[in-house]
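Chemist: Quick check, what structure comes out for this input:
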Amino acid sequence: MPLNPSHIVQIAIPIQDLDHAKRFYGETLGLTHLFDAPPGLSFFQCGQTRLMLSRPESPDQAKASILYYNVPDARAAGAALAAEGVEMIEEARCIARVGGRDIWLGIAADGEGNMLGLMSEEAVAG
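Modeler: Prediction:
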């Protein structure tokens, strides 16, 4: 029997420096900080999804998936992060046209070894 989940509830993001990661996700990205829990966890809300920042328990857990954040304008979001000193791995570019909308994607680094995607959809002009 398939589970058919409706959405992602929580994503664990491996980090090394909790204070640095909290500043990045809270101040730089502007996500709402929910709470901290010992021995070094911090939780943030992004839409319906909760992000859990945590130190990996083993080296195998130090690899993460890329999270893709929906933003109104990927180019503007990338420029704003770069202005804050965030490393942009890939500047935002149009990667596809789907149903009369251009899909834009930029990739940034969080300073903790994780990448995050900045995605936006824009109506095709014309």
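Chemist: just the helices in the protein please.
Modeler: 18-22, 74-83 (DSSP state H).
Chemist: mind putting those in a markdown table, mean neighbour count included?
Modeler: In short, each C-beta sits where N, CA and C put it, glycine included. Compiled in a markdown table, the helices of the chain are given as follows (neighbours: other CB atoms under 10 Å):
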| stretch | mean neighbour count |
| --- | --- |
| helix 18-22 | 16 |
| helix 74-83 | 18 |
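Chemist: so which of those helices gets nearest L105?
Modeler: Each of these was checked against L105 via CB to CB, and the shortest separation belongs to helix 74-83, namely 6.2 Å.
Chemist: Quick check: mean pLDDT of the closest one?
Modeler: Here the mean pLDDT over helix 74-83 is 94, rounded to a whole number.
Chemist: Could you export the helices of the chain as a markdown table, including distance to N114?
Modeler: A markdown table is the format used below for the helices of the chain (distance: least, CB to CB, whole Å):
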| stretch | distance to N114 |
| --- | --- |
| helix 18-22 | 9 |
| helix 74-83 | 14 |
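Chemist: my guess is L81 meets M88, correct?
Modeler: Yes: using CB atoms under 8 Å, L81 is in contact with M88, at 6.7 Å.
Chemist: Other residues contacting stretch 93-113?
Modeler: Among residues not part of stretch 93-113, those counted as contacts by CB atoms under 8 Å, 6 or more residues apart in numbering are 13-17, 20-21, 24-25, 62, 64, 66, 68, 73-75, 77-78, 81, 86-92, 115-124.
Chemist: check contacts around A37.
Modeler: Listed by CB under 8 Å, 6+ apart, the contact partners of A37 are F43.
Chemist: ok, E112 - how many residues close by?
Modeler: 17 (other CB atoms under 10 Å).
Chemist: what's across from R50 in the sheet?
Modeler: With DSSP bridges as the criterion, the beta-bridge partners of R50 are Q10, Q45.
Chemist: Quick check: mean pLDDT of stretch 109-124?
Modeler: 90.
Chemist: So in that sheet, which strands flank the top strand by length along the chain, and in what orientation?
Modeler: Ranked by residue count and defined by DSSP state E, the top strand of the chain is strand 88-98. Its sheet considered, strand 88-98 pairs with strand 101-109 (antiparallel) by DSSP bridges.
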